[in-house]
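J.: let me see the structure of the following:
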Amino acid sequence: MINHIDPKARLGQGVMVGYFSVIGKDVQVGDNVTIGNNVTIWDGTVIGDNVQIGDGSVIGKQPKPSKTSTVKYEDVLPPLVIGANTTIGANAVIYAGATIGENALIADLASVRENCKIGNFVVVGRGVAVENKTTIGEYTKIQTGAYITAYMDIEDHVFIAPMVTFTNDNFMGRTKERFKFIKGATVKRGARVGGGSIILPGVVIGEESFVAAGALVTKDTGERKVVIGLPAKETRTVPGRELLENQEDKK
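T.: Just a heads-up that it's a prediction; the model follows:
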């Protein structure tokens, strides 16, 4: 077995490390953690008990934006923290400065950028991209291939279907004016966003509202309202039987 475990890394009881993995300086690994093959865990990362990390994942890396990027970092970001009982899939990439809650799933090929906060019991599906400075509340589920842009607030119990796209820049990279307007969407508690929908910058998806598949949402949606179409328009109220308060399993 050829691994590199820094002498200043601290590993708990029952930790298993696969082949060709690297564990950096001052990393803290809880008890009964499983680390796959070819995994890199960057300096200072904190990993809770019973976490599983899939093959090929990169955990806690510092961001390195391009020279033309609008994102600039002069200081080293604080280490990534992963809560207990969380599962990280194969080839996932999670950056420093992020916090992942307990009992979460970051699936295969997903990425979570710096300064994101992911709540307990959240599912970030296969291939999902979560950009920087985004917050995701507890029990939220984001399915395969969705694009979660930067500067978003997603509250608890939200459902985001496959291939949904959120945007945050109405100027698409032009003019200095755009910097003061960049803002991702806010998705309120219990809202559901259908497959392939596109949500424009700064839109507020109302609590328990329902965005139909393929919709283009250009303005805020009302609480408990169904919106459909291009651009999306309000059509009716969400049936009571679909509200969170009426679900047997409210988790």
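J.: contacts and neighbour counts: CA atoms only from here.
T.: OK.
J.: pick out the residue nearest the middle of this protein.
T.: residue 130 (4.4 Å; C-alpha atoms, centre = their mean).
J.: verify the stated contact: that one with residue 111.
T.: Yes - the pair residue 130 / residue 111 is scored as a contact, 6.1 Å apart, by C-alpha atoms under 8 Å.
J.: residue ranges with poor pLDDT in the stretch 101-250 of the chain?
T.: By pLDDT under 70, the low-scoring segments of the stretch 101-250 of the chain are 250.
J.: got the CA positions of stretch 136-149 in PDB?
T.: Presented in PDB, the C-alpha positions along stretch 136-149 are these (Å, rounded to 0.1, in the frame of the first residue of the first chain):
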ATOM      1  CA  ILE A 136     -28.600  24.800   1.400                       C
ATOM      2  CA  GLY A 137     -31.000  24.000   4.200                       C
ATOM      3  CA  GLU A 138     -31.800  20.700   5.900                       C
ATOM      4  CA  TYR A 139     -33.500  17.800   4.100                       C
ATOM      5  CA  THR A 140     -33.200  19.500   0.800                       C
ATOM      6  CA  LYS A 141     -32.700  17.200  -2.200                       C
ATOM      7  CA  ILE A 142     -31.000  18.300  -5.400                       C
ATOM      8  CA  GLN A 143     -31.000  15.700  -8.200                       C
ATOM      9  CA  THR A 144     -28.700  14.700 -11.000                       C
ATOM     10  CA  GLY A 145     -27.000  17.400 -13.100                       C
ATOM     11  CA  ALA A 146     -28.600  20.500 -11.500                       C
ATOM     12  CA  TYR A 147     -26.600  23.700 -11.600                       C
ATOM     13  CA  ILE A 148     -26.700  25.700  -8.300                       C
ATOM     14  CA  THR A 149     -25.200  29.100  -9.000                       C
END
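J.: which residues sit against it?
T.: 117-132, 134, 153-168, 184, 251 (C-alpha atoms under 8 Å, 6 or more residues apart in numbering).
J.: report the distance from it to the chain centre.
T.: 6 Å (C-alpha atoms, centre = their mean, to the nearest Å).
J.: hang on, the earlier thing: ok, the residue nearest to the centre of the chain - contacts?
T.: 111, 112, 113, 147, 148, 149, 150.
J.: kindly recompute the last result at 6 Å.
T.: 112, 148 (C-alpha atoms under 6 Å, 6 or more residues apart in numbering).
J.: drop anything exposed from the contacts of stretch 136-149.
T.: 117-132, 134, 153-168, 184 (16 or more other C-alpha atoms under 10 Å).
J.: measure residue 183 to residue 132 for me?
T.: 12 Å (C-alpha to C-alpha, to the nearest Å).
J.: pretty sure residue 132 sits against residue 113.
T.: Yes - because the distance of 4.8 Å satisfies C-alpha atoms under 6 Å, residue 132 is recorded as touching residue 113.
J.: who's residue 165 bridged to?
T.: Counting by DSSP bridges, residue 165 is bridged to residue 147, residue 198.
J.: doesn't residue 198 make contact with it?
T.: Yes - the pair residue 165 / residue 198 is scored as a contact, 4.9 Å apart, by C-alpha under 6 Å.
J.: residue 140 and residue 146, how far apart?
T.: Counting by C-alpha to C-alpha, the gap from residue 140 to residue 146 is 13 Å.
J.: equivalent analysis for residue 230, please.
T.: To residue 146, residue 230 is 19 Å away according to C-alpha to C-alpha.
J.: likewise for residue 125?
T.: Separation of residue 125 from residue 146 (C-alpha to C-alpha): 8 Å.
J.: and what of residue 102?
T.: Residue 102 is 22 Å from residue 146, by C-alpha to C-alpha.
J.: with neighbour numbers in mind, choose between these two.
T.: Comparing residue 102 with residue 146 by neighbour count (other C-alpha atoms under 10 Å), the higher total belongs to residue 146, at 25 against 21.
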